[in-house]
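Novice: Sequence first, predicted model second:
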Amino acid sequence: MSASGFIWYELLADDADAAARFYGAVLGWRTRDSGLPGPGYRFLSTGEADIGGLMALPPGAKARGARPQWLPYVSVPDVDARVAAIAAAGGTVHMAAADIPGTGRFAMVADPQGAPFYVMAPIAEGPSLSFLPGRSVHGGWHELHTRDWRAARDFYREQLGWGTALEMDMGAMGTYLQFNAGQGAAFALIGPRWEKHRAV
């Protein structure tokens, strides 16, 4: 299968207004109303580019233990087929596939070890401006700390087409992997299990 890349980011925050002020002060990001259905979804922008979304953590998700977090969107050609394949491979479907008018079809899933992300088939053509390595205040790197790096490697290779660009034995700290999503640069990375961090 062809490799899937990162196309959007979303921040779920306890206090969306406070988050907007924080990222505005630290990174210079602006916020504006998205015009999309749903309560208070805002776009995060830099220059002329919308690079992510911001919304309050839904009360229902918070009641189920969800915490404030950044979530990436990964492009796929067929959301429904990919969701079914992820579920069959031991992943979890947190939000069934649905359409966003004028934007595309998406779903929220998690890998078998619990790391959440969205899959999306966007309507718009052309490259995303959200992930631009080397461009200031755009997405530039991703890192996943996981309990079982071999299982994670196999899952993302099978489900998203990511190939291993570098595999580094770091001794007691574990194995460090870099993935290539077919865009000419190793950008998705599965890190070792650092014992001082909580694995997802």
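Specialist: Thanks, I have it.
Novice: make it CA atoms for all contacts and neighbour counts henceforth
Specialist: Noted.
Novice: What segments of this structure are helices?
Specialist: 16-27, 59-63, 79-88, 149-160 (DSSP state H).
Novice: helices or strands up against the last one?
Specialist: Other elements packing on helix 149-160 under the criterion 3 or more CA pairs under 8 Å, 6 or more residues apart in numbering; DSSP states H and E are helix 79-88, strand 186-191.
Novice: quick one: that helix to helix 79-88, angle?
Specialist: Angle, helix 149-160 to helix 79-88, by axes from the mean of the first three to the mean of the last three CA atoms, to 10 degrees: 160 degrees.
Novice: and helix 149-160, how far from the chain's centre?
Specialist: Its chain's C-alpha centre and that of helix 149-160 lie 15 Å apart, by CA atoms, centre = their mean, to the nearest Å.
Novice: which parts of it are buried?
Specialist: Within helix 149-160, the residues that count as buried by 16 or more other CA atoms under 10 Å are 149, 152-153, 155-160.
Novice: try the second one
Specialist: Counting neighbours by 16+ other CA under 10 Å, one finds that helix 59-63 has no buried residues.
Novice: CA atoms only for stretch 58-78 - export them in PDB, please.
Specialist: Provided in PDB are the C-alpha atoms of stretch 58-78 (Å, rounded to 0.1, in the frame of the first residue of the first chain):
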ATOM      1  CA  PRO A  58     -16.000  16.800  25.300                       C
ATOM      2  CA  PRO A  59     -17.500  16.200  28.700                       C
ATOM      3  CA  GLY A  60     -18.400  12.600  27.700                       C
ATOM      4  CA  ALA A  61     -14.800  11.800  26.700                       C
ATOM      5  CA  LYS A  62     -13.500  13.500  29.900                       C
ATOM      6  CA  ALA A  63     -15.900  11.400  32.000                       C
ATOM      7  CA  ARG A  64     -14.400   8.300  30.400                       C
ATOM      8  CA  GLY A  65     -10.900   9.300  31.400                       C
ATOM      9  CA  ALA A  66      -9.700  11.300  28.400                       C
ATOM     10  CA  ARG A  67      -7.100  13.900  29.100                       C
ATOM     11  CA  PRO A  68      -6.100  17.100  27.200                       C
ATOM     12  CA  GLN A  69      -3.900  16.000  24.300                       C
ATOM     13  CA  TRP A  70      -2.700  16.600  20.800                       C
ATOM     14  CA  LEU A  71      -4.000  14.200  18.100                       C
ATOM     15  CA  PRO A  72      -2.600  13.800  14.600                       C
ATOM     16  CA  TYR A  73      -4.700  13.200  11.500                       C
ATOM     17  CA  VAL A  74      -3.200  10.700   9.000                       C
ATOM     18  CA  SER A  75      -4.400  10.700   5.300                       C
ATOM     19  CA  VAL A  76      -5.800   7.400   4.000                       C
ATOM     20  CA  PRO A  77      -7.700   6.800   0.700                       C
ATOM     21  CA  ASP A  78     -10.600   4.900   2.200                       C
END
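Novice: Thanks a lot, see you next time.
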